[in-house]
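J.: Okay, predicted coordinates and the sequence, questions at the end:
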Amino acid sequence: MEERLPNVSLPTVYSTLELLGELGLVRRVGPAGGRVLFDPRMDEHQHAVCSVCGRVEDLDSHVDASPALDDARRAGWDDAAAAVLVTGVCEQCAKTR
């Protein structure tokens, strides 16, 4: 990125992405504390992440997470959200194994 945008710092990029997330313009994808990814696609969908190369792919599936969210709220969690993150080995990495 430094070669393409030499005057923009990485903290600025991530701060901007976090702000866009707070405004509901991008979705944060992935586990907390893990690799940070942001998705501009805001409709209901899930993600698959390759554990070898890190490739992320959209999955057009709907998952009813309401029972888990209800349990979280009953346990005192505020602003609870849920998503399915499928991990595995992508087709390309599987071919090279």
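T.: Great, that's in hand.
J.: Geometric centre of the chain: which residue is closest?
T.: By CA atoms, centre = their mean, the chain has its centre lying nearest to Val29, at 0.7 Å.
J.: List the beta-bridge partners for that one.
T.: For Val29, the beta-bridge assignment (DSSP bridges) gives partners Leu37.
J.: what's next to the biggest helix by length in the chain, contact-wise?
T.: Identified as the longest helix of the chain according to DSSP state H is helix 10-22. Contact with helix 10-22 is made by Met1, Val26, Arg27, Arg28, Val36, Phe38, as judged by CB atoms under 8 Å, 6 or more residues apart in numbering. Any C-beta I mention is one placed from the backbone N, CA and C, and that applies to glycine too.
J.: Now flag whichever of those is closest to Trp77.
T.: Closest approach to Trp77 among the contacts of helix 10-22 (CB to CB): Arg28, at 16.9 Å.
J.: Who's the closest spatial neighbour of that closest one, skipping the chain neighbours?
T.: Nearest non-adjacent residue to Arg28, counting by CB to CB, 6 or more residues apart in numbering: Gly21, 5.3 Å away.
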